[in-house]
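Enquirer: Mind looking at a prediction? Sequence and model below.
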Amino acid sequence: MIRDGIRRGVALACLAPLLAVHAPLRAQETAAAPLDLLLAPVSSGSAADDWKLADPPRIVWGRRAFFTGLGLIGIGVLSLLMAQRGAVEYDRTGIPADRDRAETWTGIMFASFGAGAALAVTGAVLWFAPEADEGGVGAALVPGPGGRGLSLGLTARW
């Protein structure tokens, strides 16, 4: 109970100078003329243009995926170094915990390299691929190999 009172007193003592500084400012603000505010919806005019992305979402997400993939590849490199260190330590000491640690880092390494490579390739395709044109969708029905059967082929671009 006494500690709560002390805490409140210390908090009030710390806040008192702040309140004293802001109190005269607020009195002066109320004496001044009211502010003229122009309220405009964000969806119209130049304010909306400031919020628009300069690039299409496909390119923005392509960059994000590409650089995230590079980051995961970097984590894979660090995991590779940790796995090598654990393997060297196991060779030196023969302690099974060092082998387990090396195997754990090896798993993290492979997962990071795999996910990073997939994201980097996907990001590069999204980032650098040309815009889809009108002829991006097609279908073809062709005879199968050796003249037996038919093959239906569908092509599309995103």
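Expert: Everything's here; your move.
Enquirer: show me where the protein has helices.
Expert: Using DSSP state H, the helices of the chain run over 2-31, 46-51, 57-93, 96-128.
Enquirer: where among these is the average confidence lowest?
Expert: Per-segment mean pLDDT for these reaches its minimum on helix 2-31, at a mean of 52.
Enquirer: okay, now Asp55: neighbour count?
Expert: 11 (other Cβ atoms under 10 Å). For every residue, glycine as well, the C-beta is placed using N, CA and C.
Enquirer: roughly how far apart are it and Arg64?
Expert: Distance, Asp55 to Arg64, using Cβ to Cβ, to the nearest Å: 11 Å.
Enquirer: Next: Glu103.
Expert: Taken as Cβ to Cβ, the span from Glu103 to Arg64 is 32 Å.
Enquirer: go on, Ala129?
Expert: 15 Å.
Enquirer: and for stretch 130-147, what are the contacting residues?
Expert: For stretch 130-147, the surrounding residues in contact (Cβ atoms under 8 Å, 6 or more residues apart in numbering) are Gly149, Leu150, Ser151, Leu152, Gly153, Leu154, Thr155, Ala156, Arg157, Trp158.
Enquirer: who's in contact with the residue nearest to Ile108 when sequence neighbours are not counted?
Expert: Residue nearest to Ile108 in three dimensions, not counting chain neighbours: Ser79, with 4.4 Å by Cβ to Cβ, 6 or more residues apart in numbering. By Cβ under 8 Å, 6+ apart, Ser79 lies in contact with Trp105, Thr106, Ile108, Met109, Ser112.
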